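Colleague: one predicted model, sequence on top.
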Amino acid sequence: MTDTSTKQYATAKAAPTTIAAAAPLKITAVKAYFQRVEERPRVLVSVETDAGIVGWGEAYNHGPDKAYGPILDYFFPLLEGEDPRRVTFLHSKMMHIGRFPPGALGMAAIAAIDHALWDIAGKANGLPVYQLLGGNVRDQIRVYATAIYHPHPDEAVPLLMGMNEKYGIDAFKLSPYRVDPYSARWGLVCKAAGEYFRDLRARLPEHFEIAFDAHAVIQEQAHAVQLAQALEPYEPMFFEEPMRPEHMPVWGRLKAKLNVPLATGESLYNRFEFLALLQEGGADIVQPDIAVVGGLTEMRRIAEVADAHFVPVAPHNPMGPLATAHNLHFAAACPNFKILEYKVTNDCPWIKDPYLPVGGHLQLRPDRPGWGVEIDTNVLKVDDYVHWERQAYVKPDGSTAYS
Ligand SMILES: [Mg+2]
């Protein structure tokens, strides 16, 4: 018998105990590029370095998107000359210049910069971003597809089956509204929603997961409960954001009355707001948006707050394929991740190699540094901005409402 212990000890002893100092790296520019995905504007942000490494991020499309140019110019003096690999330091620095919260646009700009910094950190170290986060806890990322909002079942069934056949996706999200929720008698809104879901269940494979997004437009708590009860017999994956997010105690009271999983969080900005929601017992699933909350740096903190309440994370992700890449790396390293929202996109020339689902999952790219995608900078030379702004709903009495 051969004694290998001496040899093993010698091997371990030979492992280096010091490393060469990392080569200096300094931020030299932050730039915005106005592009689109189909008919919606998308803002890409690059952070450039003196070593030629460029990192990429995508800002949330709150509107007005043209504001991002001046906001990035405002942040640049804070970043110029700094080492982009100090991601948490620079994220804190951007947050700390404001005594007041930076707001939706400020947070989205910080998110885009944060993501460009993570991309650089990965590329400079020759690692995928998820490897900088402690490595992957899962091998692939399950997605659900948000279908067009309320297609007739004759349209919805082939649409969902088509995505299933092409990408293996077996989880979907639709709108519950088959009649106008602002003007119809509420009982009819609920009746139509229940019949719609029953019809889909009868015509789609039994294992499909189907969620419904009520889009924060219900104004009476009892109505939210009624709608959830209409969907309940057909077992939704979750019932999303029936009401506005601002008043946290409502969410605890609401969830206590529901027998379906309640999901919310796309309009919350930070771990403190999620903590307030969860302390009220206000969600079964949280849905932070990585491009809203200030980026991966804050997203991980939110996930840990949720984990401490035994609540999983299903990220809101309606932006473009670069935001999907940010989410993929977050999800890869997040123990309490559940499922990622995903939009099938057929027209996005600015990214060469978007992550596409296989078997309903996005696959990690362990051989690609940073986000693992390549932006086509030739395409970015042409400003492809398209104006879009959300419209308020005008109710039958002439007053307005969230849409
Ligand atoms: Mg939503």
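Modeller: Looks like it arrived, so ask away.
Colleague: run through the chain and note the low-pLDDT ranges.
Modeller: 1-13 (pLDDT under 70).
Colleague: now residue 160. Its backbone dihedrals?
Modeller: phi -70, psi -40 (degrees, to the nearest 10).
Colleague: the residue lying closest to it once chain neighbours are set aside in helix, strand or coil?
Modeller: Leaving out its chain neighbours, the residue that sits closest to residue 160 by C-beta to C-beta, 6 or more residues apart in numbering is residue 172, at 5.4 Å. C-beta: built from backbone N, CA, C; applies to glycine. Secondary structure assignment for residue 172 (DSSP: H, G, I helix; E, B strand; the rest coil): strand.
Colleague: which parts of the stretch 101-250 of the chain are helices?
Modeller: Secondary structure of the stretch 101-250 of the chain (DSSP state H, counting those that start in this stretch): helices located at 103-125, 129-132, 153-167, 186-203, 221-231, 248-257.
Colleague: which parts of stretch 38-50 are buried?
Modeller: 41, 42, 43, 44, 45, 46, 47, 48, 49 (16 or more other C-beta atoms under 10 Å).
Colleague: nearest the middle, which residue of the chain would you pick?
Modeller: residue 317 (3.4 Å; C-alpha atoms, centre = their mean).
Colleague: contacting residues for that residue?
Modeller: 289, 290, 323, 324, 327, 340, 341, 342, 343 (C-beta atoms under 8 Å, 6 or more residues apart in numbering).
Colleague: and what about the closest residue in space to it that isn't next to it in sequence, helix, strand or coil?
Modeller: Counting by C-beta to C-beta, 6+ apart, residue 317 lies nearest to residue 341, which is 4.1 Å off, once chain neighbours are set aside. Three-state call for residue 341 (three-state DSSP): strand.
Colleague: where's residue 341 relative to residue 324, distance?
Modeller: Look at residue 341 and residue 324: by C-beta to C-beta, to the nearest Å, they are 9 Å apart.
Colleague: what do you get for residue 113?
Modeller: Distance from residue 113 to residue 324, by C-beta to C-beta: 18 Å.
Colleague: higher neighbour count, the two?
Modeller: residue 113 (31 against 27; other C-beta atoms under 10 Å).
Colleague: what segments of the stretch 201-350 of the chain are strands?
Modeller: Taking DSSP state E, counting those that start in this stretch, the strands of the stretch 201-350 of the chain run over residues 209-213, 239-240, 262-264, 285-286, 340-342.
Colleague: so for the first one, what gets flagged as buried?
Modeller: The one in question is strand 209-213. Applying 16+ other C-beta under 10 Å to strand 209-213 flags 209, 210, 211, 212, 213 as buried.
Colleague: that strand to helix 186-203, inter-axis angle?
Modeller: 160 degrees (axes from the mean of the first three to the mean of the last three C-alpha atoms, to 10 degrees).
Colleague: just want the angle from strand 209-213 to helix 153-167.
Modeller: Using the same axes, to 10 degrees: strand 209-213 against helix 153-167 is 120 degrees.
Colleague: residues making contact with strand 209-213?
Modeller: Contacts for strand 209-213 (C-beta under 8 Å, 6+ apart): 144, 146, 170-176, 193, 197, 200-201, 204, 231, 234, 236-241, 263.
Colleague: give me the sheet partners of it and which way each runs.
Modeller: Here strand 209-213 is paired, per DSSP bridges, with strand 171-174 (parallel), strand 239-240 (parallel).
Colleague: how far out from the middle of the chain is it?
Modeller: The chain centroid and the centroid of strand 209-213 are separated by 17 Å under C-alpha atoms, centre = their mean, to the nearest Å.
Colleague: please apply the same query to the third one.
Modeller: Strand 262-264 sits 15 Å away from the centroid of its parent chain (C-alpha atoms, centre = their mean).
Colleague: what does the fourth one give?
Modeller: From the chain centre to the centre of strand 285-286 is a distance of 12 Å (C-alpha atoms, centre = their mean).
Colleague: packing partners of it?
Modeller: Contacts defined by 3 or more C-beta pairs under 8 Å, 6 or more residues apart in numbering; DSSP states H and E place strand 285-286 against strand 262-264, helix 271-279.
Colleague: what is the first one packed up against?
Modeller: Applying 3+ C-beta pairs under 8 Å, 6+ apart, we find strand 262-264 packed against strand 239-240, helix 248-257, strand 285-286.
Colleague: ok, residue 333 to residue 88 distance?
Modeller: 15 Å.
Colleague: the more surrounded of those two?
Modeller: Using other C-beta under 10 Å as the criterion, residue 333 and residue 88 rank with residue 333 on top: 21 against 10.
Colleague: count of residues packed around residue 312?
Modeller: When neighbours are defined as other C-beta under 10 Å, residue 312 has 19 of them.
Colleague: pretty sure it sits against residue 287.
Modeller: No. Residue 312 is beyond contact range of residue 287, at 10.1 Å (criterion: C-beta atoms under 8 Å).
Colleague: among the helices and strands packed on strand 262-264, which comes closest to residue 273?
Modeller: Closest approach to residue 273 among these is made by helix 248-257 (8.1 Å; C-beta to C-beta).
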